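Undergrad: take this sequence and fold it.
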Amino acid sequence: VKAYRGWITQQPKHPVSDKDQNDTAKQLRAQAEDCAKRIENGIQLLSDPLVREAFRTMNVVMAKAQRQRSAFTAKVAPDQIGLADGTRTPGWRFFQLAFVLMNLPGLAQPLTERGKIDRETVELLFFPTGGGKTEAYLGLAAFTLVYRRLAHPGIESAGVTVLMRYTLRLLTLDQLGRAATLICALDLERQKEIEKLGHWPFEIGLWVGQSAT
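TA: Take a look at the predicted model:
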């Protein structure tokens with residue numbers, strides 16, 4: 001957050017004479033400052049035991065899912081990811097972690113003033129293909145699924161928690177593979193933490209359109 005704010009204070013580096021462009025630059029800078037504050041709020045929220053536990057579990061299952069996917073591609077065992085040649089230990093990129101943190105208050109504290117404001121904001125992740133957008137929002141999905149069970153033990157946390165919509169069928173099938181891997185990792189973790197995460201499994205469903213389900 002400190003480094004991000006340091007970068008914000010330097011923007012725009014090249015002042016422009018056009019009034020409209022200058023106004024736009026000021027608006028973007030104000031929005032960036034709000035993002036920095038939201039990230040900071042997310043970090044502070046980790047002092048809440050339930051939020052911290054959901055965040056911890058999310059990190060565990062995201063790492064397991066990434067190891068499983070990478071192992072399939074690299075043709076090695078999941079526990080060899082990061083050790084075998086050409087493989088990388090799972091980890092967050094800065095924009096992914098920032099995206100997760102800045103959305104925690106809206107997910108964990110939806111009734112607070114800050115939470116209500118965050119939930120009225122549409123987030124857009126604009127990044128090249130392969131940059132890690134999917135993992136960023138799947139991380140939020142995992143956090144939400146776990147936090148809901150921790151905060152509302154019992155039948156109250158059952159039912160549909162996350163809806164994902166895609167515009168292309170091929171994209172839907174690709175994203176299903178990634179989401180299903182995460183759900184499997186979540187349920188394996190649930191089986192080790194049944195008292196915390198419940199007796200019913202984490203599940204996923206798909207509707208591709210027309211008669212395909």
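Undergrad: need the contact partners of stretch 200-208.
TA: 145, 158, 169, 172-173, 176, 179-180, 183, 186-187, 190, 213 (C-beta atoms under 8 Å, 6 or more residues apart in numbering). The C-beta positions use only the backbone N, C-alpha and C, and glycine is treated the same way.
Undergrad: the helix or strand of the chain with the lowest mean pLDDT: what's the following helix or strand?
TA: The weakest-scoring helix or strand in the chain, judged by mean pLDDT, DSSP states H and E, is helix 113-119 (a mean of 86). Next in sequence after helix 113-119, counting helices and strands by DSSP states H and E, comes helix 133-151.
Undergrad: residues contacting that following helix, please?
TA: Helix 133-151 is contacted from outside by 50-51, 53-55, 57-58, 61-62, 65-66, 92, 95-96, 99-100, 103-104, 107-108, 125, 127, 157, 161-162, 164, 175, 178-179, 182, 186, 196-198, 202, using C-beta under 8 Å, 6+ apart.
Undergrad: now the buried members of those residues.
TA: 51, 53-55, 57-58, 61-62, 65-66, 92, 96, 99-100, 103-104, 107-108, 157, 175, 179, 182, 186, 197-198, 202 (16 or more other C-beta atoms under 10 Å).
Undergrad: among these, which are in helices?
TA: Using DSSP state H, the members of the buried ones among the contacts of helix 133-151 that fall in helices are 51, 53-55, 57-58, 61-62, 65-66, 96, 99-100, 103-104, 107-108, 175, 179, 182, 186, 197.
Undergrad: what residues sit buried inside stretch 69-83?
TA: In stretch 69-83, counting by 16+ other C-beta under 10 Å, buried: Arg69, Ser70, Ala71, Ala74, Val76, Pro78, Ile81.
Undergrad: same check on stretch 176-196?
TA: Residues of stretch 176-196 classed as buried by neighbour count (16+ other C-beta under 10 Å): Leu176, Ala179, Thr181, Leu182, Ile183, Cys184, Ala185, Leu186, Asp187, Glu189, Arg190.
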